[in-house]
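Chemist: quick one, what's the 3D model for this:
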Amino acid sequence: MIALGASYTYSKGDDYEESINSGVLGNALGFIDALSSSGVPLSSRFPEDKANNYAFSLSCAYSMILSDKILLSPSSALQVSNFTKGDNDGRVDTNLQIGISGSYALRDWLSFSLFSSYATKWSNREGNDFHNISIGGGLNASHSF
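Modeler: Model (predicted):
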């Protein structure tokens with residue numbers, strides 16, 4: 001089985017004005033703002049959410065049944081995020097993830113699984129790159145009721 005996917009998202013975080021007008025957090029921020037002795041309102045110290053972005057994603061996964069007990073699934077995903085606010089305006093991050101997982105059925109209700117993945121991010125802004133390798137496993141049990 002092959003699974004392909006594509007998506008577009010736009011993320012808009014709360015700026016200070018939206019936070020101050022929302023519930024308990026807004027009441028707390030308003031109280032702190034009122035007590036601020038610096039004379040500089042909090043709204044000017046926290047002008048906007050720097051995480052506003054739009055992103056494009058592509059993904060692909062393939063499930064291979066190697067035998068009646070063994071399932072192998074390689075996968076990959078690519079996401080490009082473009083930031084649109086504050087200090088991050090113009091920043092572009094590219095995320096790539098490549099992985100493989102497998103499971104072995106010990107019984108109809110019990111299986112053992114392993115996974116491994118490599119993730120990397122590179123950016124047009126210094127200090128935002130990373131690389132990560134994850135390896136893990138598990139014992140999976142199921143029961144119908």
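
Chemist: wait, residue 116 sits on residue 98?
Modeler: No - counting by C-beta atoms under 8 Å, residue 116 stays clear of residue 98, with 9.3 Å between them. Where C-beta positions appear, they are placed from N, C-alpha and C, glycine not excepted.

Chemist: same question for stretch 104-122: list its buried residues.
Modeler: 111, 115, 117, 121 (16 or more other C-beta atoms under 10 Å).

Chemist: for those residues, which one is nearest residue 58?
Modeler: Nearest to residue 58 among the buried residues of stretch 104-122 is residue 121, at 15.5 Å by C-beta to C-beta.

Chemist: helix or strand: which one has residue 3?
Modeler: Element membership of residue 3 [criterion: DSSP states H and E] is strand 2-11.

Chemist: now what about that strand, what contacts it?
Modeler: Under the criterion C-beta atoms under 8 Å, 6 or more residues apart in numbering, residues 51-63 lie in contact with strand 2-11.

Chemist: what pairs with that strand, and is each one parallel or antiparallel?
Modeler: Strand pairing for strand 2-11, determined by DSSP bridges: strand 53-62 (antiparallel).

Chemist: got the CA coordinates for the helix or strand encompassing residue 97 in PDB?
Modeler: In the assignment (DSSP H and E), residue 97 maps to strand 92-105. These are the backbone C-alpha positions of strand 92-105, laid out as PDB (Å, rounded to 0.1, in the frame of the first residue of the first chain):
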ATOM      1  CA  VAL A  92      12.300  29.900   5.600                       C
ATOM      2  CA  ASP A  93      12.800  26.600   7.300                       C
ATOM      3  CA  THR A  94      12.900  23.200   5.500                       C
ATOM      4  CA  ASN A  95      12.200  20.100   7.400                       C
ATOM      5  CA  LEU A  96      13.000  16.600   6.100                       C
ATOM      6  CA  GLN A  97      12.100  13.300   7.900                       C
ATOM      7  CA  ILE A  98      13.000   9.800   6.600                       C
ATOM      8  CA  GLY A  99      12.000   6.800   8.600                       C
ATOM      9  CA  ILE A 100      11.400   3.100   8.600                       C
ATOM     10  CA  SER A 101       9.300   0.900  10.900                       C
ATOM     11  CA  GLY A 102       8.700  -2.800  11.100                       C
ATOM     12  CA  SER A 103       6.600  -5.200  13.100                       C
ATOM     13  CA  TYR A 104       6.700  -8.900  13.700                       C
ATOM     14  CA  ALA A 105       3.500 -10.700  14.900                       C
END
